[in-house]
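> this is a predicted model, with the sequence first.
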Amino acid sequence: MWLNNILETIGNTPLIKLNKITKDLPCTVLAKVEYFNPGNSIKDRMALKMLEVAEAEGKIKPGGTIIEGTSGNTGMGLALAACVKGYKCIFTTTDKQSKEKVDILKAVGAEVIVCPTNVEPEDPRSYYSVSKRLATEVPNSWYVNQYDNLANRQAHYEQTGPEIWTQTEGKVTHLVVATGTGGTIIGTGKYLKEKNPNIKVWAIDSYGSLLKKYFETGELDNNEVYPYISEGFGEDFVPENYDMQYIDEFTKVTDKDGAVMARRLAKEEGLFIGYSCGSCLQGVYNLKDQLKPDDVVVCIFHDHGSRYVGKVYNDEWMLERGFLDVKTFRQVVNARKSQKLISINNDATVLEAINLMKKYDIENIPVFENGVNVGAVSESGLFSKMLENGDIKNKSVSEVIEPPYPIVNMDTPLEKLSQFINKDNGAVLGKDDSGSFQIVTKYDIIQSLSK
Ligand SMILES: Cc1ncc(COP(=O)(O)O)c(C=O)c1O
């Protein structure tokens, strides 16, 4: 049996138990993995719903243009629907969003206008303002406005909520959602609370968003608003999709914690999910003291990791933002049982060097002459010299000496050290606070990076 078009694949996404990553949580945690939607995000659901409602209300006519300010996922859903139904799309987005997201939207036929992030929503340059202006200028256009369009939350009330209720056989006790427009959390939360008012609905917000404070105090505090790195959730205003009575608690997750958890989900569960999914699970950890063994927590995982390959899944991007707890030269040395450097003098014999290598199970030995580092001997270097001339054991180290190892600052991160290591050079040296040399080898670096 076939489907009539791609839009018929939207919804009915799997609910998948998390295993290793939740070992420090007392309860069952299930992930509603929304990247199984054709546009790889949950937003396909509400995009199609909003379009269908607009069609029914006569807000868009055949051949018309869909206009929206979107960080990518809603745009993808709208663009897929537009392909099938024969509309044009113009999207505005911010320069904070990953380039991949913009390119993907263009791939499915949308025109994308990138606007500055760090301006007020009312600023004429903001992506809200630009999309609103275009909607007045482009003939036969429909401005979607996912923030205030209540068909957004309706989609989740009709689909996401019932799916979770059925898939858990009514056992769900907590719903956890990284929240932006509010559509997902309010639509899903309302449905589930109508089924069982004891279900707790937890909202995950980002630092730099005013939603949590608004929820707790009713105050729209612009001091809460500042630029942040997390994508897709948190807001600098309160969209109309919010109906706070369906939310029990808000918690905030840092940009770093969300990113680190997203990477762990990929590695530990094989779930290559988006940034906000990491934030969502981190939020469960934030509130874990409230959880009991019988609880069944459902996390909504909004989108796919492919949209973040240049960001969260890029080691350099993570390093530059201080999101990776990278070990330094100093930390590797301090973790060793003995901090005494094994070295050899220039006038020692090769046999003595080999004996040191055997005794300490090492491959690289720095060579000193009158306290000055003049070079090195390595197992691989000695081996190739032995192949040339079998009888080198009684020669002096000075005859087989290799260039000295590079000397680096003790606080150099290991990732940077690997630049100095190559086939001719198996180690680097650093001087500790007492002025003594310490060594980190290729083996040390590999060991530490693979942990
Ligand atoms: C990746 C991601 N996470 C979370 C959200 C928040 O979902 P909602 O807008 O339904 O609150 C969005 C919405 O754009 C998103 O794209």
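Okay, I see it. Numbering: from 1, shown residues only.
> list of residues touching stretch 162-177?
11-13, 15, 27, 30, 32, 184-185, 188-189, 191-192, 195-196, 198-204, 280-281, 283-284, 291, 294-300 (C-beta atoms under 8 Å, 6 or more residues apart in numbering). Glycine gets a C-beta too; all of them are placed from N, C-alpha and C.
> which of these come close to the ligand?
184-185 (C-beta under 6 Å from any ligand atom).
> need the contact list for Met224.
You called it Met, but residue 224 is Glu. 208-210, 212-213.
> hang on, I meant Leu150
Taking C-beta under 8 Å, 6+ apart as the test, what Leu150 contacts is 240-241.
> mind giving me the domain ranges of this structure?
According to automatic domain parsing, the chain comprises the domains 6-38+153-320, 43-143, 329-449.
> worst average pLDDT in those?
Lowest mean pLDDT of these: domain 329-449, a mean of 88.
> the residue lying closest to Glu68 once chain neighbours are set aside: how many residues sit nearby?
Nearest residue to Glu68, sequence neighbours excluded (C-beta to C-beta, 6 or more residues apart in numbering): Val144, at 4.1 Å. Around Val144 there are 28 other residues, counting by other C-beta atoms under 10 Å.
> okay, Val144: pLDDT?
For Val144, the predicted pLDDT is 96.
> pretty sure it contacts Leu78?
Yes: between Val144 and Leu78 there is a contact under C-beta atoms under 8 Å: 6.7 Å.
> what's the overlap in contacts for those two?
Contacts common to Val144 and Leu78, judged by C-beta under 8 Å, 6+ apart, are 50-51, 66, 68.
> in helices, which of these fall?
Under the assignment DSSP state H, the shared contacts of Val144 and Leu78 contribute 50-51 to helices.
> top of the shared contacts of Val144 and Leu78 by neighbour count?
That'd be Met50 among the shared contacts of Val144 and Leu78, by other C-beta under 10 Å, with 29 neighbours.
> show me the contacts of stretch 162-177 that map onto strands.
Those of the contacts of stretch 162-177 mapping onto strands are 15, 30, 32, 200-204, 296-300, per DSSP state E.
> rewinding a little: now, which of the contacts of Glu224 sits nearest the ligand?
Nearest to the ligand among these, counting by C-beta to the nearest ligand atom, is Ser209 at 11.1 Å.
> what parts of the stretch 51-200 of the chain come near the ligand?
Applying C-beta under 6 Å from any ligand atom, we find that the stretch 51-200 of the chain lies next to the ligand at 71, 73-74, 178-185.
> secondary structure added to those residues, as CSV?
CSV is the format used below for these (DSSP: H, G, I helix; E, B strand; the rest coil):
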residue, secondary structure
Ser71, coil
Asn73, helix
Thr74, helix
Ala178, strand
Thr179, coil
Gly180, coil
Thr181, coil
Gly182, coil
Gly183, helix
Thr184, helix
Ile185, helix
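> so what's Pro26 up against?
Contacts of Pro26 (C-beta under 8 Å, 6+ apart): 288, 291-293, 295.
> for the residue of the stretch 351-451 of the chain found nearest the ligand, the count of nearby residues, please.
Proximity of the stretch 351-451 of the chain to the ligand (C-beta to the nearest ligand atom) peaks at Glu415, 27.8 Å away. Neighbour count of Glu415, defined by other C-beta under 10 Å: 17.
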